[in-house]
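Asks: build me a model:
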Amino acid sequence: EWAPHWAWARRAIGDDAQRIERISTDHADETFKHVLLPIWTAAYRHNGRSCRFVVNGQSGRVQGEPPWPMWKIAAAVITALVAITAFLYLAGASGYIDLGQGF
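Replies: Modelled structure (predicted):
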């Protein structure tokens, strides 16, 4: 509840008969360690898995863990294996590397 300085002083001193002639308030070396920024948080379910993320409204940075679709990961691994196999086959067929002995 807001009250002027003299009301706080009267409450702190007590007694009904008092005369407050002057109040001098001095604020020095004020510090704080928390910064209030606009931050949005969200949580959702994706294929039965809970996913959460946080968006800093001032900088626009997003932090969280995205849902990784397993079919995309499997496709990337298969594509990499096909590319490596094709490279080795073509390199061996052109004589660039020798795939004969010990490979």
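Asks: which is the next helix or strand following the helix or strand A12 falls within?
Replies: Assigned by DSSP states H and E, A12 belongs to helix 5-13. With elements assigned by DSSP H and E, the helix or strand that comes after helix 5-13 is strand 39-46.
Asks: next SSE downstream of that next one?
Replies: strand 49-56.
Asks: which residues touch the helix or strand following that next one?
Replies: With elements assigned by DSSP H and E, the helix or strand that comes after strand 49-56 is strand 62-64. With CB atoms under 8 Å, 6 or more residues apart in numbering as the test, strand 62-64 has contacts from 51-56. C-beta: built from backbone N, CA, C; applies to glycine.
Asks: what is the nearest of the residues you listed to P69?
Replies: C51 (12.1 Å; CB to CB).
Asks: what's the single longest helix in the chain?
Replies: Determined from DSSP state H, the single longest helix within the chain is helix 70-93.
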